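Q: Take this sequence and fold it.
(2 chains)
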Amino acid sequence: MASSTVETLQSVIQPYKHGFVTEIENERAPKGLNEDTVRFISAKKGEPEWLLEWRLKAFRYWRDRMLPEGDPTWARVSYPKIDFQDAYYYSAPKTKAAPKSLDEVDPELLKTYEKLGIPLKEQERLQGIAVDAVFDSVSVATTYKAKLGEMGIVFCSFSEAVKSHPELVRRYLGSVVPYSDNFYATLNSAVFSDGSFVYIPPGVRCPMELSTYFRINAAETGQFERTLIVADKGSYVSYLEGCTAPMRDENQLHAAVVELVALDDATIKYSTVQNWYPGDENGKGGIYNFVTKRGACRGANSKISWTQVETGSAITWKYPSCILQGDNSVGEFYSVAVTNNRQQADTGTKMIHMGKNTRSTIVSKGISAGHGQQTYRGLVRVSPKAEGARNHTQCDSLLIGDKCGAHTVPYVEVKNRSAKVEHEATTSKISDDQLFYCRQRGLSAEDSVSMIVNGFCREVLKELPMEFAVEAQKLLGISLEGSVG
Amino acid sequence: MSATTHALHLDRFEAAKAGLPGDARARADALARYAKLGVPTPKLEAWHFTSLKPLDEAALAPSDAKVAVTAATVAGHALSTSHAHHQLVFVDGHFRADLSRIGTLPKGVVLTGWSAAKSLPKDFLAEAADAGAMRVLNAAYAADGAILEVPAGVALAAPVHLMFLGASGAAHARNRITMGEGASATVLETYVGTGRYWTNAVTDISIAAGAMLKHLKLQTEGGEAFHTAATAAHVAAKGVYDSFVLSIGGKLARNEIDAVLKGEGGRVKLEGAYLARARQHIDNTTIIDHAAAHCDSEERYRGVLDDHAYAAFQGRIVVRPDAQKTNAHQLNENLLLSDRAEIGSKPELEIHADDVKCGHGATAGEIDEQALFYLRARGIGLEQARGMLIEAFVSELIDAIADEAIRDRFTASVGGWLYDAQGARRAA
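A: Reported below is the predicted structural model:
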């Protein structure tokens, strides 16, 4: 791989496509973070007393117990210290009242989503995907609600769920990621503004993909959304999540929490295509994506499957995990992560085996190019009572260019002899032989690399729902364009 | 405050330092560094799986080496005399010329305990800025140890056997092995003892261009003993460092190996096995640092855990930015024999170069049911069949040891462990 080719190609890197800003009037909480900010957010949303109390509990824990120790430093990422007082914790598009239907939604907002390739209106009519669009911190529109409602499925914004289904929210909120879990999850618990809520009643198979589209628009704003998905006994749901943000020179914090609960025989499939603004080629700007995602397989025979394609963000710090409590429950983690230019990613998963005959599969594919630094960090723990647990982990890294890094840090803890745990990892570059083979057959260097990379990621991409798989493949091409020769 | 190993080591230094040889200032600095670092806790990433609390609570003071050891005891642990070898004996970290049998050495080869050496290497107590607490504590207290210097071009044919006997207190032995260009040697370290004591050994190895060292270690400390050891090996171009560590003994044992490939074409092979039962805790932590291009490394550790035993394996492979054309492979396999045994494994890759082939793997599981069935179907009893499979799992590594006398010693140790484990199983 001649370095001159790398440089030539570097110059044709495609710019970030979603970097525009929507001019829209915003309502913000005053800058900074204190108890009043928390009260302000809660009051804005007209929340019940118990939720405010929960937020305050989290905030006090964060302020008194976590802030003095500082944010976590164990991950292999580096960034300047974050000033938590120098940001807005709430920003909402100004509207007079909550929109009852899409017709009442600010046309500017709808246009934004159209530009992103998510025409909410058409989507409602044509495609079989229900979408919840979150703009900055607030859910602006949810499609297909009525149709899903007929089957008893609840799919709405989090703040709406607090009003319409308080008993469900109260029962499950914080039950998987407690308010004291970790620095960013606790911060989120205090100041989360909105997100999606899904409840699938017993025995119901959700007939369409549910999707949330997250968009950070306002400057100097942190986005703290909270997603809660509960799949009751014997139900099934597939949920997709996509994210974009404008190009800005300053870094923005995104600290979300996702909680999944699967009861007996239920299945949750959670797919993410994360394409936050990664910063420019010199590492200026971009989103800090510090996210806590965790699923609890509470019931017997339940299953939670995480699939993620991580191409954006300046820094990614994310470990979608499964707690396999129910007997025979299954956890899966499929991940493709790309770091190019100055991007840093420390990502992986945790599989905590507690029930009998629980199984987990981890497939992680990391691609590092430019000055990208990437770490797979994973934990597989088999508790003493997890009779017959089984895990297979495969993590492969592909290095493109000699300035990048790929690191693998798996933790394996086995406390039951009947467990079978396997971990395998490889690191290599695209071999000259592979490249030559493709080039010899008339493919350009870029197409060859794109093909090889897609082949490298195939195991993961095939887990994505069709609509996302196409987008993900394109994203991989764009993220790596110019980094190879 | 009740006495702890930590406090005893801080308190006794003033009184002990006059009797300690070498650079007094370096020792004082080392102790100051140790005081600052304190006893490592699992909060440190490098000690994620191991707590030294039991060692600290054991309140072991630096040893004063007045223990009587008979020639018969030494003979019991020696290699078979039918194979030529050079033997050095250390009791509680102190060289005992009377018990050693160095024999005749090729011209230019230095082999002695450093209390008996003519001069000490200048940087003998030097510690890198990022050295861990146990290493710097050793630098503060080390009073003796083995010195082996093999000059350029010399092949030391007979193996060197360094025997460390522990009996009381804390022994801080510090060994230095220097291999000149193109030299070769085989060194066996064995650690044995009885009673409650602590071995905290450091072995520094430098391997010049084209030189080769086969380094074997047999750790069969007493059941109440603590064992911490750090080996650092620097390998120059085309040098070879070939290590095998068999850990069986000790109540709490930690073996660290830090191998750095500093020149092109170097090779490092780290192999090892650990067998633990009762409430033993055995930790193997290794780092292979590829600091130069065109080097190969291979690592394989296998563990067998019974009863309440806990084993940790942390293996890190680092490939520096310019270390292109690196081949590095690592594998950690574990066999769990009981419901209460635990394993913590962390095979780590840290790669900063792109033209590399690196892989690692870790497995944990129980004895293969099918293999067991196969044997039992042929009329072999359950215990015997289990024993055969466990032995096969470990001997696959041991059988590759070239030196016959050493291989026999290792095989016998594994056999002894199996016998004890079976006995304990029958008794229960």
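Q: Can you get me a residue count around B:H161?
A: 25 (other CB atoms under 10 Å in any protein chain shown). Where you see a C-beta, it was placed from the backbone N, CA and C, and this is true even at glycine.
Q: same check, this time on A:Q473
A: The burial count for A:Q473: 18, using other CB under 10 Å.
Q: how about the residues of the stretch 251-400 of chain B near chain A?
A: In this structure, the stretch 251-400 of chain B approaches chain A at residues B:321, B:324, B:334, B:336-366, judged by CB under 8 Å from any CB of the partner chain.
Q: residue contacts, the closest residue to chain A within the stretch 51-200 of chain B?
A: Nearest residue of the stretch 51-200 of chain B to chain A (CB to the nearest CB) works out as B:S51 at 14.6 Å. Residues counted as contacts of B:S51 (CB atoms under 8 Å, 6 or more residues apart in numbering or on different chains) are B:41-42.
Q: So it belongs to a strand, correct?
A: No: using DSSP: H, G, I helix; E, B strand; the rest coil, the secondary structure at B:S51 is coil, not a strand.
Q: Tell me how far it lies from B:A362.
A: Plainly put, B:S51 is 22 Å away from B:A362 if you go by CB to CB, to the nearest Å.
Q: rewinding a little: from the residues of the stretch 251-400 of chain B next to chain A, list the buried ones, please.
A: B:324, B:334, B:336-338, B:340-356, B:358-366 (16 or more other CB atoms under 10 Å in any protein chain shown).
Q: B:T70: neighbouring residues, count only.
A: Residues near B:T70, counting by other CB under 10 Å, number 9.
Q: B:L372 looks like it's in a helix, true?
A: Yes: secondary structure of B:L372 (three-state DSSP): part of a helix.
Q: Just say helix, strand or coil for the nearest residue to it once chain neighbours are set aside.
A: Leaving out its chain neighbours, the residue that sits closest to B:L372 by CB to CB, 6 or more residues apart in numbering or on different chains is B:A385, at 5.5 Å. Under the three-state scheme (three-state DSSP), B:A385 adopts helix.
Q: If you tally nearby residues, what's the number for B:A385?
A: 20.
Q: which residues touch it?
A: Counting by CB under 8 Å, 6+ apart, B:A385 has contacts B:372, B:375-376.
Q: what's stretch B:342-349 in contact with?
A: Contacts of stretch B:342-349 (CB under 8 Å, 6+ apart): A:397, A:406-415, A:423, A:425, A:427, B:48-49, B:303, B:305, B:309-317, B:319, B:328, B:330, B:332, B:334, B:336, B:358, B:360-362, B:364.
Q: Out of the residues you listed, list just those in strands.
A: Among those, the members found in strands (DSSP state E) are A:397, A:406-414, A:423, A:425, A:427, B:303, B:305, B:310-317, B:319, B:328, B:330, B:332, B:334, B:336, B:358, B:360-362, B:364.
Q: Give me the buried entries from those residues.
A: The neighbour count (16+ other CB under 10 Å) marks A:397, A:406-414, A:423, A:425, A:427, B:303, B:305, B:310-317, B:319, B:328, B:330, B:332, B:334, B:336, B:358, B:360-362, B:364 as buried among the ones in strands among the contacts of stretch B:342-349.
Q: Tell me where the stretch 101-250 of chain B has helices.
A: B:133-141 (DSSP state H, counting those that start in this stretch).
Q: What residue spans form the domains of chain B?
A: Domain ranges of chain B: B:5-262, B:368-428, per automatic domain parsing.
Q: most tightly surrounded among these?
A: Compared across those, domain B:5-262 shows the largest average neighbour count, a mean of 20 (mean count of other CB atoms under 10 Å in any protein chain shown).
Q: Pick out the residue nearest the middle of chain B.
A: Nearest to the mean C-alpha position of chain B, by CA atoms, centre = their mean, lies B:N255 at 4.8 Å.
Q: my read: B:P21 touches B:A117, true?
A: No: under the criterion of CB atoms under 8 Å, B:P21 is not in contact with B:A117, lying 9.7 Å apart.
Q: circling back: just the closest of the contacts of B:A385 to chain A, please.
A: After measuring those against chain A - CB to the nearest CB - the closest member comes out as B:L372, at 13.4 Å.
Q: Quick one: residues contacting the closest one.
A: B:L372 touches B:382, B:385-386, B:389, counting by CB under 8 Å, 6+ apart.
Q: pretty sure B:A71 is touching B:R96, no?
A: No: using CB under 8 Å as the test, B:A71 is too far from B:R96 to be in contact (10.1 Å).
Q: Show me the residue of the stretch 1-150 of chain B that gets nearest to chain A, please.
A: Closest point on the stretch 1-150 of chain B to chain A, by CB to the nearest CB, is B:E45, at 7.1 Å.
Q: can you tell me which residues contact that residue?
A: Contacts of B:E45 (CB under 8 Å, 6+ apart): A:W74.
Q: Look up phi and psi at it.
A: phi -60, psi -40 (degrees, to the nearest 10).
Q: next one: the one 5 residues further on
A: B:T50 has phi and psi values of phi -130, psi 130 when expressed as degrees, to the nearest 10.
Q: Next: A:D64.
A: phi -90, psi -40.
Q: quick one: the closest residue in space to A:W74 that isn't next to it in sequence from A:S368, how far?
A: Excluding the flanking residues, the one nearest A:W74 by CB to CB, 6+ apart is B:E45, at 7.1 Å. To A:S368, B:E45 is 22 Å away according to CB to CB.
Q: again, but for A:K163
A: On the measure of CB to CB, A:K163 and A:S368 end up 45 Å apart.
Q: Many thanks, we can stop here.
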